[in-house]
Structure formats: structure tokens, C-alpha cells
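predicted coordinates and the sequence they were generated for:
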There are 2 protein chains.
Amino acid sequence: MSTLPVVTTVRELQAQADAERAAGRRIALVPTMGALHAGHLSLVTEARRQADVVWMSIFVNPTQFNDPKDFEGYPVDMKRDLALAAEHGVDLVFSPLAAELYPEGAQTWVEVSELAEPLCGASRPGHFRGVTTVVAKLLLAARPHVAVFGQKDFQQCAVIRRMASDLGFGVEIVAAPTVREPDGLALSSRNVHLGPEARRQALALVRALDAAEQAVAQGERGRDALLAGVHAEIGQASLAQIDYAEIRDPETLEISPGQLAGPSLLALAVNFAADGPGQGAPVRLIDNRVLTPGPAA
Amino acid sequence: MSTLPVVTTVRELQAQADAERAAGRRIALVPTMGALHAGHLSLVTEARRQADVVWMSIFVNPTQFNDPKDFEGYPVDMKRDLALAAEHGVDLVFSPLAAELYPEGAQTWVEVSELAEPLCGASRPGHFRGVTTVVAKLLLAARPHVAVFGQKDFQQCAVIRRMASDLGFGVEIVAAPTVREPDGLALSSRNVHLGPEARRQALALVRALDAAEQAVAQGERGRDALLAGVHAEIGQASLAQIDYAEIRDPETLEISPGQLAGPSLLALAVNFAADGPGQGAPVRLIDNRVLTPGPAA
């Protein structure tokens, strides 16, 4: 059994990247914040399809947490993560200290404007600025040919793709399909914070997505009618509070017209209260589906 | 006589950079907006000292002009610039169209916060955001080991050095000394816009810097006394209007204490009115000097 190399400095990673590139090998990067689950590991599988070497970064990025409590409570288990990464064939893990990516006096931000404004950008001020800043640093450190993200974070993929293209990173941004629990709940590192009753009710998200997809398949084109269906479905979950439920253009993220004319992103963010009083902070879950109206009958 | 290669696309420049790096050659980039003068050519000389190949970019960056009239009036003479670059041993010129660096829908900004706020950052809102964004794109396109800028733009050097370090470009930012006309005026592409009388009065900047330096050499340590001397000197120029005259820490750009205790940046920006009515827009000139108090007597 080989040992998984763990690199902690940008300089060393850049040297490794230069060596891999000089040898003509294609590098895929899978950026994560650790707390690995099957969703992350599916990204590794996709990365392996795309490249010769698969690198994973594990870094809980402080600047993308708009809520300090969310940052402090973010699950960390590096030993378990490294074992999982090794088991799934990751070739190298980049795991820097915060001071390596944000040295004293750091004050440079990479920011995407329009695409980062609605949805999670509106709910979580500063979140995407933190994401694009750290991803720019990771791309400069790892110099990958391709970077793989999960489509569960649909807007994040769109924002990062725009950033990488605008600045000229010369990297392909791949969005891999969302991995789900057997009952349909999208995998998320935050799911562990759901109490048993909230976990049960969390299925309201995927039920709402399924219902909207079915309605579109049956001919519904009305944006507001579809959203009313989403609200009705999620309204049945007593612990759920909708943060947003919107239908937008999958490319521009602009609000879709009243009658859907082409592929349309249904994006949901829902807060689930703890099961009982004193049971902890609400858990925010997101999920999405691209609704694809068929040709007019 | 060899022909100077002119590259117009990011992709081609990146391929050239990869080839140079694979061959073990060191790349120096000299970013310019054209309108080359002896100041730019001194950067080429410095770049040659630092690297094996010297690349110059010529790109009038629209996003760093806070005043559209300034952008429209910026002098352009590509044929002359290419001849000068070739004559001074530049190995390659990167001269993209605006749409190459800012494709349709581009919406990503690279921004430095504290260092970009005072001085020219305060006078020219958005200026440094445009500078750091385009320099980030140029560094990603050219992948140089070193990039050379003129110290006349002292704050620009500080902002770019911070940006390159924060994001991890792995590039050394070199600031080359200001080149001056025989009478002391700092070279600037904007000098051509000065009328004969404004050109004569423009020497007030370097006289003010010289006077402050002399005062410090003679023991003056009072920040406000030094600035009063600057105002008195420039006040004698009837066409001059001070935009700013400040003494700040050369590293942090924070305002210096009342009594200078170490190297201190005296930074000036002065608008010179046209010589007469209807003679065109004012011309904004900048200059600076690091004042170095000797040890206490």
C-alpha cells in the first residue's frame, strides 16, 4: 500500500504541478472542504476519467462562511478524509494551513459580479467572493488542466466557470452529477447536523424537485404555477423554512420568463429547524434540478 | 534584422510560455499601455537583467480609466511602439484586442483593498480594480517569472506586488527607478498633452520633491512642515492644482506619524490646466520620492 502524499505549501504544489506538466501528464483537481462523503468521492471518479493524476485539496476556507458559527461547526476529520482519499485513488492531497492561503495582511479578492448576486449570493453575503478567491488561489497553486465540482452547488459551478474563463486560467471546470442517499436526499457535509425528524422532512426538497419535473413533463410551463407547487410541497414539512425557491436561466441565472421556453434551473435553499428546542442551529440545505420542457405538442 | 513576433491571443501566449518554461528559460514581462517612452525602455533593460526572454504587453486597458475622455485621448501609435520595442531587444509583444481580455459577459474582478484605497485610489475610483484585474489576466497569459513596473507609479507597484503575492502567482514584481527628462520631469505618456507653459510649470513637482528631501537631510522631521513646503512650492505654479500631497508608510501606505521615524513616501498628484481657455482638459501628473531620515544627531 502506497502512502498518500500530503502537500501543505503552495510553493511545493506548484513545483509538483510543473513536474507533472513537464512530463506531459494531465492534472485534475478536486477542491473540497473535507468531511468527505460519497459525493466528493464521485468527483474523484470523474477526475480520474478526465486526467492522469488526481489531486484533492482539503481546506475549510474561512472567507466563504458568512456565518462564523457555521465555520466553527463545520465537521473536520482529517485522518478519516485522508484514508478515504487514499482508498479512492487520489494521488496527492493539498492541505494548507489558513495562513498559507491567507498570509498576514492578505487583502486581495477575486469577485464575480452578476452571476454571484442572486440565490445563495443574496442569502449569504460575501460567500461567493470567498469561494472565487480561494479557488483562484487553488488553481494558481495546483495549475490543473481540469477541476471538478459538484452540480449540487449549481450556482457555484457557474460562478467558478465564469471566473476561470474571464481571468484566463486555461482550466476546464467540470460539474459532476449530484449524488444522493437511497431515499433521494442530496449528499452534503451538513446532513450530519440534521436531527432524525429534520432528516425525514428534508426529503421535501427532492420531492418538490420531482413534482416540478413531473409537472413540466405533463405540459406545465407556468413559472409561478411550478413555484406554487414547490411551496406547497415544502410547506408540508413543519421544520422547513424556505430561504429561496426560484426558476432561473441555467446560463445567466436571470429569472426565467413567466412561461418556460427552454431548460430552466429550479434552485432551492431551505432551512430546517432543529427537532426540538435547544437542539442546535437550523441546517441549510440546497438542491436543484434543470427542468427541460419538451417541444410544444 | 529579425522580425518581432506579435501575439494577440491568450492561448498562444500561454503555449509560448509553457515552451519557454519547459526549456528552462526565465521570462520577464513588461506590461505597458503603449505610447512608449524612455521610461518604458528602461523597464526593458531591467527585464533583460532579470531574465532570458523579455516580453512586452501593449494594451490600453479600458477598465482602469475612471474618466472615459482620458481613455479616448490616450495616445496610441502601435507601429512606432513595435519599432521601439524591436530596437530595444524585446523578444515578443503581446497585443490583444480588448475582446480577448474582456470577452462578452466578462464580470470577474481582482481587487486589492486597503493598499488601493488612498492616494490615486481615492482620486480615481475603480482605477486600481482595473489595474489588478488586467495584470492578473496578463500574468496568467504570460506566466512570467518576473514582471517589471515603473516606480513612478509607486502605489501601483505596491498594489500589484500585494495582489501577486496574495493570490500566489509565484512572480517577482520589480519596481524600476523613474526615468526623467534632463530638467527633471518624470517621463509619462501624458506629458505630450502639456502645453508649453504647463510643461514649464510641471517642474514644480520635482522641485517640491527635491525641497522635501533637502529639508529632511537638514533635520526636518515634521510631516506637516514638509507638506507645507510642498504646497508652497507647487503653489507658485499658477496652472497647478494639487490633487493630493501626502506622506505615507512605503509598505502599508498608512499616513505617516507627525514626526517621521523611518523611510517615508512623499506622493504627489497635480493637475495642470491647459495654457489657455479652450486648450484642452487638465493633465494629471504624479511623482514621488521616498524620504529617508538619517539617524538622530
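Arrived safely. Numbers count the residues shown, from 1 in each chain, chains lettered A, B, ... in the order given.

from here on, contacts and neighbour counts on C-alpha atoms
Will do.

residues near residue A:56, how many?
28 (other C-alpha atoms under 10 Å in any protein chain shown).

next up, the contacts around it.
Shown in contact with residue A:56 (C-alpha atoms under 8 Å, 6 or more residues apart in numbering or on different chains): A:29-32, A:85, A:90, A:92-94.

between the residues you listed, which is nearest residue A:114?
Using C-alpha to C-alpha, residue A:31 is the member of those that sits closest to residue A:114, with 23.4 Å.

what residues does the stretch 101-250 of chain A put near chain B?
Within the stretch 101-250 of chain A, the positions near chain B by C-alpha under 8 Å from any C-alpha of the partner chain are A:101-103, A:106-114, A:133, A:136-137, A:140-141, A:162-163, A:166-170.

buried subset of these, written for PyMOL?
The PyMOL selection below is limited to those of those classed as buried (16 or more other C-alpha atoms under 10 Å in any protein chain shown):
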select buried, chain A and resi 101+102+106+107+108+109+110+111+112+113+114+133+136+137+140+141+162+163+166+167+168+169+170
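
the residues of the stretch 101-250 of chain A next to chain B in strands, which ones?
Judged by DSSP state E, these include A:108-112 as members of strands.

got the CA coordinates for stretch A:117-127 in CSV?
What follows is stretch A:117-127, C-alpha atoms only, in CSV (Å, rounded to 0.1, in the frame of the first residue of the first chain):
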residue,chain,number,x,y,z
GLU,A,117,-25.7,38.1,-6.9
PRO,A,118,-28.9,36.1,-6.8
LEU,A,119,-29.8,32.8,-4.9
CYS,A,120,-27.0,31.9,-2.5
GLY,A,121,-25.3,35.1,-3.3
ALA,A,122,-28.2,37.1,-1.9
SER,A,123,-28.7,34.8,1.1
ARG,A,124,-25.0,34.6,2.1
PRO,A,125,-23.3,38.0,1.6
GLY,A,126,-19.6,37.5,0.8
HIS,A,127,-19.9,33.8,0.3
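
residue ranges for the helices of the stretch 151-297 of chain A, please.
Assigned helices in the stretch 151-297 of chain A, in chain order: A:154-167, A:196-201, A:203-217, A:223-235 (criterion: DSSP state H, counting those that start in this stretch).

and the last one, what's buried?
To tie it back to what came earlier, the one meant is helix A:223-235. Per 16+ other C-alpha under 10 Å, helix A:223-235 contains these buried residues: A:223, A:226-227, A:229-231, A:233-234.

repeat for the longest one
Neighbour counts using 16+ other C-alpha under 10 Å place A:203-209, A:211-213, A:215-216 of helix A:203-217 among the buried residues.

now do the shortest one
The neighbour-count check on helix A:196-201 (16+ other C-alpha under 10 Å) flags A:197-199, A:201 as buried.

which stretches of chain A have low pLDDT?
Within chain A, the segments meeting pLDDT under 70 span A:1-2, A:276-279, A:296-297.

domain boundaries for it, per the record?
Per automatic domain parsing, the domain ranges recorded for chain A read A:6-176, A:189-291.

ok, residue A:195 - how many residues close by?
So residue A:195, with other C-alpha under 10 Å, has 19 neighbours.

near the closest residue to it other than its chain neighbours, how many other residues are there?
Distances taken as C-alpha to C-alpha, 6 or more residues apart in numbering or on different chains place residue A:275 nearest to residue A:195, at 5.6 Å, with adjacent residues excluded. Residue A:275 has 16 neighbours, counted by other C-alpha under 10 Å.

quick one, what contacts residue A:275?
Residue A:275 makes contact with A:195-198, A:239, according to C-alpha under 8 Å, 6+ apart.

pull the most distant pair out of these.
So, these by C-alpha to C-alpha: farthest apart are A:196 and A:239, at 11.5 Å.

and residue A:124, how far is that from residue A:186?
20 Å (C-alpha to C-alpha, to the nearest Å).

the two: who's more crowded?
Higher neighbour count among residue A:124 and residue A:186: residue A:186, with 21 against 15, using other C-alpha under 10 Å.

residue contacts, the more buried one?
A:152, A:178-180, A:206, A:287.

rerun that using 7 Å as the cut-off
A:178-180, A:287 (C-alpha atoms under 7 Å, 6 or more residues apart in numbering or on different chains).

now render those residues as JSON lines, adding neighbour count.
Listed next are the contacts of residue A:186 as JSON lines, based on neighbours: other C-alpha atoms under 10 Å in any protein chain shown:
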{"residue": "A:178", "neighbour count": "23"}
{"residue": "A:179", "neighbour count": "21"}
{"residue": "A:180", "neighbour count": "15"}
{"residue": "A:287", "neighbour count": "23"}
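
nearest to chain B, of those?
Minimum distance to chain B across the contacts of residue A:186 is 25.3 Å, recorded for residue A:287 (C-alpha to the nearest C-alpha).

surely that closest one and residue A:151 touch.
No: counting by C-alpha atoms under 7 Å, residue A:287 stays clear of residue A:151, with 9.0 Å between them.

isn't residue A:128 right up against residue A:64?
Yes: using C-alpha under 7 Å, residue A:128 makes contact with residue A:64 at a distance of 6.5 Å.

more crowded one of those two?
Higher neighbour count among residue A:128 and residue A:64: residue A:128, with 28 against 20, using other C-alpha under 10 Å.

quick one, strands of chain A?
According to DSSP E, the strands that chain A contains are A:6-7, A:27-32, A:53-58, A:92-94, A:108-112, A:146-150, A:172-176, A:240-248, A:264-272, A:283-291.

reformat these as CSV; add distance to residue B:51.
Below are the strands of chain A laid out as CSV (distance: least, C-alpha to C-alpha, whole Å):
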stretch, distance to residue B:51
strand A:6-7, 29
strand A:27-32, 28
strand A:53-58, 31
strand A:92-94, 30
strand A:108-112, 27
strand A:146-150, 30
strand A:172-176, 31
strand A:240-248, 50
strand A:264-272, 50
strand A:283-291, 50
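
for residue A:70, find the nearest of those.
strand A:283-291 (9.4 Å).

parallel or antiparallel, list what pairs with that closest one.
strand A:264-272 (antiparallel) (DSSP bridges).

what residues does the partner strand touch?
Against strand A:264-272 from outside (C-alpha under 7 Å, 6+ apart): A:198, A:239-250, A:282-292.

buried members of the residues you listed into ChimeraX, please.
Of those, the buried ones can be selected in ChimeraX as follows, counting by 16+ other C-alpha under 10 Å:
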select /A:198,239,240,241,242,244,245,246,247,248,249,250,282,283,284,285,286,287,288,289,290,291
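
ok, and the most crowded of the contacts of residue A:56?
Most neighbours among the contacts of residue A:56, by other C-alpha under 10 Å: residue A:29, with 31 neighbours.

go ahead and flag the most central residue of chain A.
Nearest to the geometric centre of chain A sits residue A:153, at 3.3 Å (C-alpha atoms, centre = their mean).

what distance do you get for that one to chain B?
Residue A:153 sits 19 Å away from chain B, going by C-alpha to the nearest C-alpha, to the nearest Å.

one step back: can you redo the contacts of residue A:56 as CSV with distance to chain B?
Converted to CSV, the contacts of residue A:56 look like this (distance: C-alpha to the nearest C-alpha, whole Å):
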residue, distance to chain B
A:29, 17
A:30, 19
A:31, 16
A:32, 18
A:85, 25
A:90, 24
A:92, 19
A:93, 18
A:94, 15
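
those into TSV, with extra columns for distance to residue B:268?
Below are those laid out as TSV (distance: C-alpha to C-alpha, whole Å):
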residue	distance to residue B:268
A:29	46
A:30	48
A:31	45
A:32	47
A:85	55
A:90	54
A:92	50
A:93	49
A:94	45
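
quick one, what contacts residue A:113?
B:107-108.

mind redoing it with 10 Å?
With contact set as C-alpha atoms under 10 Å, 6 or more residues apart in numbering or on different chains, residue A:113 has these partners: A:121, A:128-129, A:159, A:162-163, B:106-109.
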